[in-house]
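Enquirer: Mind folding the following:
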Amino acid sequence: MKRDRCEDILGFPVTTCTLNECIDEIASWIRSEKEARYLVCANPHSLEKARSDPLFRRSLLEADMLTPDGAGIVLASRILKGSIRGRVTGSDIFRELSRRLDREGGYRYFFLGSTEENLFRIREKMKREFPRIKIAGTYSPPFKENFSDEDTRAMVEIVNRVQPHVLWVGMTAPKQEKWIHSHKKKLDVRFIGAVGAVFDFYTGTVKRSHPWFLEHGLEWLPRLVREPGRLWGRNFISHPKFLLRVAKRRIRS
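Expert: Numbering: from 1, shown residues only. Prediction:
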């Protein structure tokens, strides 16, 4: 992503491109013969975690596209007098890129992450919704905090064997971003998307919030009600810390 199309959000280059502009850029990467480019999504929690995790920080800083996934990023841009006016989520990217590539035809996807059951659901839904995109393969990696060298070797080999154009990675953050950053040069693909919960959203395993919540930047609220144990710290610790640092930056500037 050209740095003149980015905005500095507490040291991270978040794209100012609209969703359509992001899709145009990613589609051009996929048509090229260059090494893999990768996308990650920025939200206040991820930027806060990156402060204490050097590899995660590098994974975000060196991404080819860092999108404003969280409503807190959009709010931060407004506070800092920036130009980001709307979210570009992993779900947005997955949906619109799939529509574009399905129209063009001839592209191959690989899905890495989630469970075998959910990957099966993805395959079946993709056949119905995007029949001109071939599912080259899927793989559910071991559910563990850190992958062994053998785990990673197996994943890279399985992906490269079928040579997909697009690799979608649906693991938890920051594991997925760090894994992509560390191994992207070994992967024979054109584009890698770190999209986290999008696998579950796409199949309906996890319901996205009602459109009203999405439009008003409150997507996190219904999810917090459903998963308070997992999301409490994110919404009531990471987010306030992030916005406090944004406020301090605004005062200093």
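Enquirer: ok, and the closest non-adjacent residue to the spatially most central residue of the chain?
Expert: Compute the mean C-alpha point of the chain, and by CA atoms, centre = their mean the closest residue is V195, 3.3 Å away. Among residues not flanking V195 along the chain, G90 sits closest, at 3.8 Å (CB to CB, 6 or more residues apart in numbering). C-beta: built from backbone N, CA, C; applies to glycine.
Enquirer: Contacts only, for the one you found.
Expert: With contact taken as CB atoms under 8 Å, 6 or more residues apart in numbering, G90 is in contact with C41, T67, D69, G193, A194, V195, G196, A197, V198.
Enquirer: Could you point out the helix or strand that follows the lowest-mean-pLDDT helix or strand in the chain?
Expert: When each helix and strand of the chain is scored by mean pLDDT, DSSP states H and E, helix 228-233 comes last, with a mean of 49. Per DSSP states H and E, the first helix or strand lying C-terminal to helix 228-233 is helix 239-252.
Enquirer: so where do the strands sit in the stretch 51-200 of the chain?
Expert: 65-68, 107-113, 133-139, 166-170, 191-194 (DSSP state E, counting those that start in this stretch).
Enquirer: is it possible to export those to JSON lines including mean pLDDT, distance to E177 and mean neighbour count?
Expert: Shown next, in JSON lines, are the strands of the stretch 51-200 of the chain (pLDDT from 0 to 100; distance: least, CB to CB, whole Å; neighbours: other CB atoms under 10 Å):
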{"stretch": "strand 65-68", "mean pLDDT": "98", "distance to E177": "10", "mean neighbour count": "25"}
{"stretch": "strand 107-113", "mean pLDDT": "98", "distance to E177": "12", "mean neighbour count": "24"}
{"stretch": "strand 133-139", "mean pLDDT": "98", "distance to E177": "18", "mean neighbour count": "19"}
{"stretch": "strand 166-170", "mean pLDDT": "98", "distance to E177": "9", "mean neighbour count": "25"}
{"stretch": "strand 191-194", "mean pLDDT": "98", "distance to E177": "5", "mean neighbour count": "26"}
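Enquirer: now for those strands, which one comes closest to L101?
Expert: Closest to L101 of the strands of the stretch 51-200 of the chain, according to CB to CB: strand 107-113, at 4.4 Å.
Enquirer: where does this structure have low pLDDT?
Expert: Regions of the chain meeting the criterion pLDDT under 70 cover residues 1-3, 207-236.
Enquirer: 90 instead, please
Expert: 1-4, 33-35, 144-146, 172, 205-239, 253 (pLDDT under 90).
Enquirer: End to end on stretch 136-148, go ahead and measure it.
Expert: From its first residue to its last, stretch 136-148 covers 25 Å (CA to CA, to the nearest Å).
Enquirer: List of residues touching that stretch?
Expert: 108-116, 119, 122-123, 151, 155, 158-159, 161-164, 171, 175, 179.
Enquirer: Which among those count as buried?
Expert: 108-114, 119, 122, 155, 159, 164, 171, 175, 179 (16 or more other CB atoms under 10 Å).
Enquirer: Out of these, which is nearest to S59?
Expert: W179 (8.8 Å).
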